[in-house]
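Asker: sequence first, then the predicted structure:
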Amino acid sequence: MSRRYEEVEFGEDLPPLAVDTGIENVRRFTDAAGMSFGRFNDHEAARKEGLPGAIVPGIMSQGLLAALIHRWAPGCRIERIDTVFRAPVLVDQPAECHGVVTEKDDANRRVEIDLTLRNDAGETRVFGTATVRL
């Protein structure tokens, strides 16, 4: 069921989305995207590059944030999504996506959403904004 613009409230929190950052899920993503770099799908190879372990690709993190939006408003159109990668999202560490409606544009039936992807320690690893038409 699609979410209607009239149902959205300024300041509304999107229901959090626990995301699968397990190595098998990341491998499926990187294989499909043709991104078979060790830093994404091999903890030891990532450590050799100076990372604490394998990391979730940035584009996958952005896709997880888009999934949060589509779960909240099926059928919506994400017109723009912009992200800042503050720190790596580590593979095999629990993570959760969050969003909050920060603006409503009545004339165009669009909302602005602030987005965050946090690890299980509550640290924001990725943040950004999205413009969504309902």
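Answerer: That came through, no problem.
Asker: list of residues touching the longest helix seen in the chain?
Answerer: Counting by DSSP state H, the longest helix found in the chain is helix 58-72. Helix 58-72 has contacts (C-beta atoms under 8 Å, 6 or more residues apart in numbering) with 3, 14-17, 19, 26, 29-30, 33, 76, 78, 81, 83, 85, 89, 95, 97-99, 113, 115, 117, 125-126, 128, 130, 132. Glycine gets a C-beta too; all of them are placed from N, C-alpha and C.
Asker: now, which of those residues lie within helices?
Answerer: Using DSSP H, Val26, Phe29, Thr30, Ala33 are the members of the contacts of helix 58-72 that sit in helices.
Asker: compare these and tell me which is most surrounded.
Answerer: Greatest neighbour count in the ones in helices among the contacts of helix 58-72, by other C-beta atoms under 10 Å, goes to Val26: 22 neighbours.
Asker: now do the nearest residue to that residue once chain neighbours are set aside against Met60, distance only.
Answerer: Residue nearest to Val26 in three dimensions, not counting chain neighbours: Val91, with 5.2 Å by C-beta to C-beta, 6 or more residues apart in numbering. Distance from Val91 to Met60, counting by C-beta to C-beta, to the nearest Å: 10 Å.
Asker: give me the more crowded residue out of the two.
Answerer: For Val91 versus Met60, the count of surrounding residues by other C-beta under 10 Å is larger for Val91: 25 against 20.
Asker: contacting residues around that one?
Answerer: Shown in contact with Val91 (C-beta under 8 Å, 6+ apart): Thr21, Gly22, Ile23, Val26, Phe40, Asn41, His43, Gly53, Ala54, Ile55, Val56.
Asker: run the last query once more with 6 Å
Answerer: With contact taken as C-beta atoms under 6 Å, 6 or more residues apart in numbering, Val91 is in contact with Thr21, Ile23, Val26, Ala54, Val56.
Asker: same thing with Gly38?
Answerer: Neighbour list for Gly38: Ala45 [criterion: C-beta under 6 Å, 6+ apart].
Asker: same check, this time on the one 10 residues further on
Answerer: Residues touching Lys48, when contacts are defined by C-beta under 6 Å, 6+ apart, are absent altogether.
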